[in-house]
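**Q** the sequence and its predicted three-dimensional model are supplied below.
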Amino acid sequence: MTTANSLNGFILAWTNTYGLILIVLLMGYGLVEVPRQLWLKSDKEKLLRKLYFRTSQIDSELYDAKIELEELYEKFEETRKNVLENEENLVFEDKMLEILEW
């Protein structure tokens, strides 16, 4: 009977420990983080300022990408003119156009 009681006590202690660890983990992240995110998203002015800031970042990234594309296109046109001057290089023009179109 003592082994059954000790086994029963061990199982109860193990399940209580497991439950406490699980509760601590959920309270530490899930039960606290979800209301915090809802609270932060409820402030519409702060969210709008954050979106305006992100929009300006994306706009400057787009501008930089356009400038880089224009520079690459100018280099391509210059290289293409050089290739067209030499008829032996016309074989490479198709390859250049393929690379540009990907």
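**A** Noted; the coordinates are in hand.
**Q** what's the biggest helix in the protein, counting residues?
**A** Across the chain, the longest stretch assigned as helix under DSSP state H is helix 44-85.
**Q** any idea of the angle the next helix or strand after that one forms with helix 44-85?
**A** Downstream of helix 44-85, the next assigned helix or strand under DSSP states H and E is helix 90-101. With axes from the mean of the first three to the mean of the last three Cα atoms, to 10 degrees as the basis, helix 90-101 and helix 44-85 are set at 170 degrees to each other.
**Q** from the contact counts, what lies against helix 90-101?
**A** Where contact means 3 or more Cβ pairs under 8 Å, 6 or more residues apart in numbering; DSSP states H and E, helix 90-101 is packed against helix 44-85. Glycine gets a C-beta too; all of them are placed from N, C-alpha and C.
**Q** picking that back up, and the longest helix of the chain, average pLDDT?
**A** Mean pLDDT, helix 44-85: 89.
**Q** tell me which other helices or strands it touches.
**A** Applying 3+ Cβ pairs under 8 Å, 6+ apart, one finds that helix 44-85 makes contact with helix 90-101.
**Q** alpha carbons only: can I get the helix it packs on in PDB?
**A** Once non-C-alpha atoms are left out, helix 90-101 reads as follows in PDB (Å, rounded to 0.1, in the frame of the first residue of the first chain):
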ATOM      1  CA  LEU A  90      26.200  41.500 -81.600                       C
ATOM      2  CA  VAL A  91      26.000  37.900 -80.300                       C
ATOM      3  CA  PHE A  92      26.100  39.200 -76.800                       C
ATOM      4  CA  GLU A  93      23.300  41.700 -77.300                       C
ATOM      5  CA  ASP A  94      20.600  39.100 -77.000                       C
ATOM      6  CA  LYS A  95      22.200  37.700 -73.900                       C
ATOM      7  CA  MET A  96      22.300  41.200 -72.300                       C
ATOM      8  CA  LEU A  97      18.600  41.700 -73.200                       C
ATOM      9  CA  GLU A  98      17.800  38.300 -71.600                       C
ATOM     10  CA  ILE A  99      19.500  39.300 -68.400                       C
ATOM     11  CA  LEU A 100      17.800  42.600 -68.300                       C
ATOM     12  CA  GLU A 101      14.300  41.100 -68.700                       C
END
